[in-house]
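# sequence? don't have it. structure:
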């Protein structure tokens with residue numbers, strides 16, 4: 001009689017089971033998480049997500065200030081330095097060198113991920129450098145403006161603000177100047 005190892009006929013025996021231990025699985029998960037933590041911020045910069053994020057933060061800041069101004073005792077001013085890309089909120093109509101936002105607003109730095117191409121306010125020529133101030137008050141309608149920016153991947157975004165509702169829309173691409181002039185006297189912009 002052949003003395004070979006008896007095999008389990010129906011199911012594999014425990015001694016034959018092949019797999020990974022809990023420690024091995026945990027080590028692989030840890031390494032994948034570590035690599036993701038290192039690579040995701042770099043991918044963010046490569047694919048332009050940081051630029052898009054900063055444009056959305058600017059949009060959210062404008063909408064928040066527009067809504068808060070209805071309850072604020074004094075007018076709120078959003079200052080935008082087109083040269084440095086810094087945005088801050090305060091209660092003075094003239095931009096200062098300190099560039100510190102009042103509470104609860106944080107100073108937003110658009111950084112090198114966003115390049116401001118131009119800003120247009122009602123009745124003014126396009127502004128491409130210097131400082132721009134937008135006023136928000138419970139006693140008046142916010143000023144109408146269009147803000148055109150480009151992220152670090154070359155995508156151009158246009159922000160439109162509806163002065164009646166205080167809502168800001170983001171449009172893909174740059175709007176033609178004739179379109180802006182055509183809607184200059186309308187109560188809202190297209191795309192809102």
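Looks like it arrived, so ask away. Here the structure is a predicted model, which is why all the values come from computation and not from measurement. Numbers count the residues shown, from 1 in each chain.
# mind listing the helices for this protein?
22-47, 49-68, 177-182 (DSSP state H).
# just for this protein, where's the confidence low?
Within the chain, the ranges that satisfy pLDDT under 70 run 1-17, 40-49, 122-123, 163, 175-192.
# returning to what we had before: winner for burial among the helices of the chain?
Ranked by mean neighbour count under mean count of other Cβ atoms under 10 Å, the helices of the chain are led by helix 49-68, which reaches a mean of 18. Glycine gets a C-beta too; all of them are placed from N, C-alpha and C.
# can you list contacts of it?
With contact meaning Cβ atoms under 8 Å, 6 or more residues apart in numbering, helix 49-68 is reached by 43-44, 76, 78, 87, 89, 105, 108, 110-111, 113-114, 134, 136, 142, 147, 149, 151-153, 155, 157, 159, 161, 166-168, 170.
# Give me the buried entries from those residues.
Buried residues within those, counting neighbours by 16 or more other Cβ atoms under 10 Å: 76, 78, 87, 89, 105, 108, 110, 113-114, 134, 136, 142, 147, 149, 151-152, 157, 159, 161, 166-168, 170.
# Can you flag which of those residues belong to strands?
If you go by DSSP state E, those have 76, 78, 87, 89, 108, 114, 134, 136, 147, 149, 151, 157, 159, 161, 168, 170 in strands.
# List the contacts of the third one.
Same thing as residue 87. Residue 87 sits next to 58, 61, 78, 79, 80, 81, 107, 108, 109, 110 when contact means Cβ under 8 Å, 6+ apart.
# Show me what it is bridged to.
Legend: beta-bridge partners of residue 87 under DSSP bridges are residue 80, residue 108.
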